[in-house]
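Asker: pasting the structure only:
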C-alpha cells in the first residue's frame, strides 16, 4: 500500500475577506474530491485571506498510480485562473517506510 501526499500553497487573486476566500477555495476542494476521489482539505493558512494551503492524500496499491493522481491534482490547481500556484510538494509513503 502506498500513501501519496500533496501540499499545494496558493495565492488567491482578488480576495479581501475570509468569506471571499472560502468562496474561492471550497469549489477547488470539492472539484479535487469529486474528480479524483482523493482526501482533500484546506490544511493551513486559515487566518490569511489571500493564501491557502491545500492538502491532498491518495491511497493506492501502486506508487506510480498515486503519483499520477497527485500530478493531475496539481495540474488542476495550477490551471485555475483565480489561483496562483506558489509551491507544490509531494511525498510518498510505502511499505518500506
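Answerer: Structure's in. What do you need? Computed from a prediction, not measured in an experiment: that's the story for all the values here.

Asker: who does the helix or strand hosting residue 35 touch, helix- and strand-wise?
Answerer: Element membership for residue 35, per DSSP states H and E: helix 18-36. On a contact count with 3 or more CB pairs under 8 Å, 6 or more residues apart in numbering; DSSP states H and E, helix 18-36 meets strand 2-12, strand 39-44, strand 51-60, helix 63-79. Every C-beta, even on glycine, is put in place using the N, C-alpha and C of the backbone.

Asker: of those, which approaches residue 26 most closely?
Answerer: strand 39-44 (8.4 Å; CB to CB).

Asker: now do the contacts for residue 90.
Answerer: Residue 90 makes contacts with 4-6, 67, 70, 74, as judged by CB atoms under 8 Å, 6 or more residues apart in numbering.

Asker: name whatever forms a beta bridge with it.
Answerer: Note on residue 90: beta-bridge partners by DSSP bridges are residue 6.
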